[in-house]
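*Asks:* Provided below are the primary sequence and the corresponding predicted coordinates.
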Amino acid sequence: MNWRKELLHILRTPPLLEEPMSRHTSIGIGGPAECLVFPETRTELRNVLILVKQFKLPFFVLGSGTNLLVRDGGIKGVVLSLSSLCSNYDFVDRTVIAGAAVSLPVLARKSLERGLRGLEFAVGIPGSLGGALYMNAGAYGSSIGKLVQEVEIMDYEGNLSLRPRKELEFSYRRSTFQEEKVIILGGVLQLTPGDRAELKSLVQKNHRERRSRQPSLPSAGSVFRNPTGLAAGKLIDEVGAKGLTAGGAMVSPEHANFIVNAGDATASEVLDLIELIRKKVRSERKIDLELEIKIVGENSRE
């Protein structure tokens with residue numbers, strides 16, 4: 001029995017085979033996904049998970065690809081995109097109910113239009129709500145975890161559940177979900193009333209600051225988490241790593257905690273820079289930098 005043929009019976013949208021992940025990551029790098037699927041219903045998603053378990057296939061859940069580096073060998077097995085399943089959102093009074101694939105900046109702007117406070121920090125943060133919940137994305141002293149009322153998840157067995165805020169833990173760039181085998185399908189966020197003009201001014205200020213500090217070339221966002229009380233970008237700059245290159249990959253001259261694709265960069269070149277940065281910071285500052293981006297896939301295909 002061929003599992004790829006089985007997927008054709010499970011899904012309305014045919015899978016993409018050997019799909020370059022460079023088309024699905026913000027840094028524009030990544031080898032091929034063996035099988036990229038787009039379930040349109042929770043039943044389709046559940047059936048894919050059942051098939052994955054039946055055939056003992058590796059699988060990976062793809063978000064918006066903004067904090068992701070896919071190795072040059074690509075990803076074996078099944079890559080799950082929730083873009084067809086979890087892209088809706090709705091505002092009910094002071095809450096927003098949104099799917100995991102909804103753009104975080106879109107939610108922030110729509111909240112602003114309704115005079116709702118809470119998501120203004122997120123206007124300049126690329127990525128989806130699901131990724132933001134998983135990473136507890138934040139900026140300017142705020143984070144998504146502070147707004148969460150509940151989160152809808154599906155475990156790897158295909159069981160759906162709603163997790164209330166009291167069952168969830170959020171801290172700096174961490175969440176409960178990083179320790180669990182679950183897929184985030186969406187969430188409910190509690191917002192508060194605010195003055196539209198004041199919020200618009202604050203958002204514009206934050207957006208200008210963010211754009212002035214971040215690179216224009218394709219990147220995967222911040223590479224390293226900030227050590228306690230320190231800024232990773234400042235540390236990297238201080239050890240002289242800003243502007244370093246490896247092939248088409250470069251430590252951004254605009255912000256040292258970003259590695260940019262300056263032209264046809266490979267994942268191995270990005271990984272070389274990551275290791276070089278870590279060695280420099282460890283040697284000169286005695287600090288071990290912890291990755292913020294997620295690295296997946298294989299170095300090469302056999």
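*Replies:* Thanks, I have it. Computed from a predicted model, the values in this text were never measured in an experiment. Numbering: from 1, shown residues only.

*Asks:* now do the strands in the stretch 1-150 of the chain.
*Replies:* Remark: strands assigned in the stretch 1-150 of the chain by DSSP state E, counting those that start in this stretch are 16-20, 32-37, 59-62, 68-70, 75-81, 89-92, 95-99, 116-117, 138-139, 142-143, 148-155.

*Asks:* for the stretch 201-302 of the chain, same thing?
*Replies:* 245-246, 249-251, 259-261, 294-296.

*Asks:* in stretch 255-265, what counts as buried?
*Replies:* Residues 255-262, 265 are the ones in stretch 255-265 that count as buried (16 or more other CB atoms under 10 Å). C-beta here means a position set from N, CA and C on the backbone, and glycine is covered the same way.

*Asks:* what's the average pLDDT for that stretch?
*Replies:* Averaged across stretch 255-265, the pLDDT comes to 96.

*Asks:* likewise stretch 106-120?
*Replies:* 92.

*Asks:* send me it as CSV with only the CA atoms.
*Replies:* This file holds the C-alpha atoms of stretch 106-120, laid out as CSV (Å, rounded to 0.1, in the frame of the first residue of the first chain):
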residue,chain,number,x,y,z
VAL,A,106,-3.3,41.3,10.3
LEU,A,107,-4.9,40.5,13.7
ALA,A,108,-3.1,43.5,15.2
ARG,A,109,-4.2,45.9,12.5
LYS,A,110,-7.9,44.7,12.6
SER,A,111,-7.8,45.1,16.4
LEU,A,112,-6.5,48.6,16.0
GLU,A,113,-9.4,49.4,13.6
ARG,A,114,-11.8,48.4,16.3
GLY,A,115,-10.1,50.4,19.0
LEU,A,116,-9.0,47.3,20.9
ARG,A,117,-5.7,47.3,22.8
GLY,A,118,-3.4,44.4,23.4
LEU,A,119,-2.0,43.4,20.0
GLU,A,120,-0.3,46.7,19.0
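
*Asks:* in it, what's buried?
*Replies:* 106-112, 115-120.

*Asks:* out of those residues, who's nearest residue 11?
*Replies:* residue 106 (26.1 Å; CB to CB).

*Asks:* and the worst-scoring helix or strand of the chain on mean pLDDT, what's buried?
*Replies:* Averaged element by element with mean pLDDT, DSSP states H and E, the chain has its least confident helix or strand at helix 196-213 (a mean of 78). Neighbour-count burial for helix 196-213 flags 199-200, 202-203, 206, 210 (criterion: 16+ other CB under 10 Å).

*Asks:* domain boundaries for this structure, per the record?
*Replies:* Following automatic domain parsing, one finds the domains of the chain at 3-81, 89-212, 215-296.

*Asks:* so which residues of the stretch 1-150 of the chain form helices?
*Replies:* Secondary structure of the stretch 1-150 of the chain by DSSP state H, counting those that start in this stretch: the helices cover 3-10, 42-54, 104-113, 129-135.

*Asks:* can you redo the ones you listed as TSV with distance to residue 232?
*Replies:* Listed next are those as TSV, based on distance: least, CB to CB, whole Å:
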stretch	distance to residue 232
helix 3-10	40
helix 42-54	35
helix 104-113	21
helix 129-135	15
